[in-house]
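> Have a look at this prediction, sequence included:
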Amino acid sequence: MDEKITLAIESSCDETSAAILRGGRQVLSNIISTQIPIHQKFGGVVPEIASRKHIVNIMPVIDEALAKAGVELADIDQIAVTYGPGLVGALLVGVSAAKALAFTLDVPLIGVNHLEGHIFANFISHQDLKPPFMALVVSGGHTSLVHVKDYNSFSLMGQTRDDAAGEAFDKVARVMGLPYPGGPQIDKLAQEGNPNAIDFPKALQEKGNYEFSFSGLKSAVLNYLNSMKCKKIEIDKADVAASFQNTVIEVLIAKALSAVKEVGCNTLVLAGGVAANSSLESRLRAATEKAGIRFCYPDKILCTDNAAMIGCRGYYQSLASNFADLYLNAVPGLELQDL
Amino acid sequence: MPILAIDTATMVSSVAVADEKKLLGELTVQTRLTHSETLLPHIQQVLKMAGVGKNQLKAVAVSLGPGSFTGLRIGLGAAKAIAYGLNIPIIGVPTTEALAWHYPVPGIVTIPFIDAQKGNVYSGIYAWQESKIVELSPVQVYTLDEALELCGQQDTTVMAVGDMVQKKLANRQDLPANFQIPPQHMVMPRAANVAMAGLSRLAQAKVDSVMNLEPIYIRRSEAEVLWEKRQAALKEATGTSDEAEK
């Protein structure tokens, strides 16, 4: 049995996180220091402020992860770190610390793609999960369908052409005057509304098209809100939230199910920050049940940005000897790619 | 026992190893490569060249700023992890003070000009007194012209150092009479200076903690400044209406 100890570090956006894993799936600790309350008053993440918090939090978070796991520095076999995508100044804090610690401890360094990390969060929440499967990645900046053929072999089916689903949620929430972060607020408000009250458009509906586009939908919601305001017609915010959310979810479900069918796998996993959206999760559950497909999504804490998922991805990369050297740099625009 | 020193506050990336008796090695580069890529390989190389094993290091000294926010965090992030990994002290040295270590000369002053963006500089006044650098005037943001005026007010020779000397002052004609622009290798930061300042602090047991050490930014983020301006304007607006009601 592989008892390799991985220290993982994540600092791509507004959470500073460190985790210790034994093997690929046993999380000994997963410490997350969130900055959400700090950025709330600005209505979004301020990159410079996020970076300033990361440089203060990074060592206490690593120290706490080791202490909670009951692991000494000398026990660490390898270090995994998120090198993109994300905010460059934020990423650099984690990358710099990870490289220096790997050098100091003489252990291998692994550069992890944050989005692959989100997919691998499912291996922690579902210990029996194995590839192949289809992954629907829905986060603040990304919406993608990835065919995970093996632990180190992926094929990108399609991704967003413009706004990611999470971005559309945040923008619509902002226009409706909901507090940051907007996604959970829309989800909450939508519970009280009628999902069929307003008919918003769906893009790229032709069969076999796995690309997404949410900027048209976002504009349609904004236009609707504007025109109602001009006509002095009072809107039901809950209905708008429910109808908007319903449109996003229907697009996601239709494309995900059709992708599963096309490649002939029998499992769909949900990944990314928007996986915490309760309606998306329950609707996907119902749809996959009906289609006879296994459906997995990570525990709530593993849906947010966290280092445990980075450690899991890093562990499987190490099995393929996919290591980084000390020249590793942050890549803010890193994408999901075929592997 | 040697210490490691790091300076990534400006376009220069510099690392050094030194003990109380000598500078064992230094690697100073000003190229277009990013500090993020090269810092760790440079640390690895300078230790190897100096024949110092990392387990022999007794402290890490790091240039804390002011300077490029991202550059400072790359240096400090690495310094913290090395100090933590080896369980040795970290020593923060202001970048401006480290620059003044170029001129351990009694009777003159050194004034750093570090790029603070939008035509501004971070400046302070430093002098060599009793075998160490002392700060005569604290570092703050000046416009370039204000900083030159400050230089002109000094009744002794002023050695001008820092990246803005290289960027903006080298070809200027209207400089004060007491103003000296040194040769380029004595203008930009060097980790040897950070090492000397660090060793001086270490001898006095002035060390910092990896758990809370922060760069010296001087300036707040743009977002915070804007937010406070908006809040102040809002307060003023509501304050006036309150009075109107009375």
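Cool, got the structure.
> who touches residue A:240 in this structure?
A:176, A:193, A:197-198, A:221, A:224-225 (CB atoms under 8 Å, 6 or more residues apart in numbering or on different chains). (Glycine included, C-beta is placed from N, CA and C.)
> Considering these, which is situated nearest to chain B?
Ranked by distance to chain B (CB to the nearest CB), the contacts of residue A:240 are led by residue A:176 at 21.1 Å.
> The contacts of residue A:240, buried ones only, as a PyMOL selection?
Per 16 or more other CB atoms under 10 Å in any protein chain shown, the buried members of the contacts of residue A:240 correspond to this PyMOL selection:
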select buried, chain A and resi 176+193+198+221+224+225
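> so of the contacts of residue A:240, which ones are in helices?
Among these, DSSP state H puts A:221, A:224-225 in helices.
> which among the residues you listed are in contact with chain B?
Contacts with chain B within the ones in helices among the contacts of residue A:240, counted by CB under 8 Å from any CB of the partner chain: none were found.
> So for residue 140, what's the pLDDT?
Just so you know, I chose chain A. Note on residue A:140: pLDDT of 77.
> Chain B is the one I meant
For residue B:140, pLDDT reads 97.
> can you check residue B:244 too?
According to the prediction, residue B:244 has pLDDT 42.
> any idea how chain A splits into domains?
Domain assignment for chain A, taken from automatic domain parsing, gives A:5-119+A:303-319, A:131-298.
> Do the strand or helix carrying residue A:96 and chain B come into contact?
Assigned by DSSP states H and E, residue A:96 belongs to helix A:88-105. Yes. Using CB under 8 Å from any CB, we find that helix A:88-105 touches chain B at A:88-89, A:92-101, A:103-105.
> Any quick PyMOL command for the buried ones out of those?
This is the PyMOL syntax for the buried subset of the residues of helix A:88-105 next to chain B, where burial follows 16+ other CB under 10 Å:
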select buried, chain A and resi 88+89+92+93+94+95+96+97+98+99+100+101+103+104+105
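> how about the strands in the stretch 151-300 of chain A?
Ranges of strands within the stretch 151-300 of chain A are A:153-159, A:267-271, A:294-296, based on DSSP state E, counting those that start in this stretch.
> Would you mind listing the buried residues in the shortest one?
Buried residues in strand A:294-296, defined by neighbour count with 16+ other CB under 10 Å: A:295-296.
> Please identify the pairing partners of it and their relative orientation?
Strand pairing for strand A:294-296, determined by DSSP bridges: strand A:267-271 (parallel).
> contact partners of the strand it pairs with?
If you take CB under 8 Å, 6+ apart as the criterion, strand A:267-271 is touched by A:115, A:118-119, A:121-122, A:129, A:132-139, A:148, A:256-257, A:260, A:280-281, A:284, A:288, A:293-298, A:303.
> how close does residue B:159 get to chain A?
31 Å (CB to the nearest CB, to the nearest Å).
> What's the biggest helix in the chain, counting residues?
Chain wasn't specified; assuming chain A. Under DSSP H, chain A gives helix A:237-263 as its longest helix.
> oops, chain B please
Longest helix in chain B, counting residues (DSSP H): helix B:222-245.
> does chain A sit close to it?
Yes. Contact of helix B:222-245 with chain A is found when judged by CB under 8 Å from any CB, involving B:222-224, B:227.
> Could you identify the buried members of those?
Burial by neighbour count, 16+ other CB under 10 Å: within the residues of helix B:222-245 next to chain A this picks out B:223-224, B:227.
> quick one: residue B:67 and residue B:9 touch, right?
Yes. Using CB atoms under 8 Å, residue B:67 is in contact with residue B:9, at 3.0 Å.
> shared neighbours, the two?
B:95, B:114.
> Comparing the two, which residue is more hemmed in?
More crowded of residue B:67 and residue B:9, by other CB atoms under 10 Å in any protein chain shown: residue B:9, with 37 against 30.
> and that one, what are its phi and psi?
When quoted as degrees, to the nearest 10, the phi and psi of residue B:9 stand at phi -80, psi -20.
> Pull the contacting residues for it.
Neighbour list for residue B:9: B:63-68, B:71-72, B:75, B:95, B:114, B:189 [criterion: CB under 8 Å, 6+ apart].
> hmm, try it at 7 Å
Residue B:9 is in contact with B:63, B:65, B:67-68, B:71-72, B:95, B:189, counting by CB atoms under 7 Å, 6 or more residues apart in numbering or on different chains.
> same question, residue B:221
Counting by CB under 7 Å, 6+ apart, residue B:221 touches A:46, A:48-49.
> Residue A:8 touches residue A:80, doesn't it?
Yes. Contact criterion CB atoms under 7 Å: residue A:8 and residue A:80 qualify, at 4.4 Å.
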